[in-house]
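Enquirer: Just a sequence and a predicted model for now, questions to come.
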Amino acid sequence: ELDSYMFQTVGHNLIEAMGTQCMGLPVFRKKVTGSSKNVGRSYAATEGDEVEDLRQLLRLVLARVPGVEAVSCGAVRSDYQRVRVEQVC
């Protein structure tokens, strides 16, 4: 399992089936190469941070699906995750 402050990897193998088979949506994935470098309450772009992997993936999604208008995130009660998703978006 990936040691990550940002991403939960348990059950990741179900995401593709849920996206493509259940909802008919494309699923985009990217290997996480960064680590949890900027772990403060706020977030600014940080070289090598795992959040920058998310930023790169979202750029790819926008290039392939220009009409994307929203990002859905499971960070319901995590300010740490919410702040980072908001900063990247």
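Expert: Nice, I can see it. Quick caveat: nothing in here was measured; it's all calculated off a predicted structure.

Enquirer: mind checking the SS state of the most centrally placed residue in the chain?
Expert: By Cα atoms, centre = their mean, the chain has its centre lying nearest to Leu54, at 4.5 Å. Recorded secondary structure, Leu54: helix (DSSP: H, G, I helix; E, B strand; the rest coil).

Enquirer: Which residue ranges of the protein form strands?
Expert: Taking DSSP state E, the chain contains no strands at all.

Enquirer: which residues touch Gly34?
Expert: 48-53 (Cβ atoms under 8 Å, 6 or more residues apart in numbering). C-betas here are computed from N, CA, C, even on glycine.

Enquirer: Can you give me the pLDDT of Leu60?
Expert: If you check Leu60, the pLDDT there is 96.

Enquirer: any idea how far it lies from Val39?
Expert: 25 Å (Cβ to Cβ, to the nearest Å).

Enquirer: Select from the contacts of Gly34 the one having the most neighbours.
Expert: Val51 (24 neighbours; other Cβ atoms under 10 Å).

Enquirer: If we ignore the residues flanking it in sequence, what's nearest it?
Expert: The shortest distance from Val51 to any non-neighbouring residue, by Cβ to Cβ, 6 or more residues apart in numbering, is to Arg84 (4.8 Å).

Enquirer: for the residue lying closest to Asp49 once chain neighbours are set aside, what are its contacts?
Expert: Distance criterion Cβ to Cβ, 6+ apart; nearest residue to Asp49, sequence neighbours excluded, is Lys37 at 4.3 Å. For Lys37, the contacting residues are 46-50, by Cβ under 8 Å, 6+ apart.
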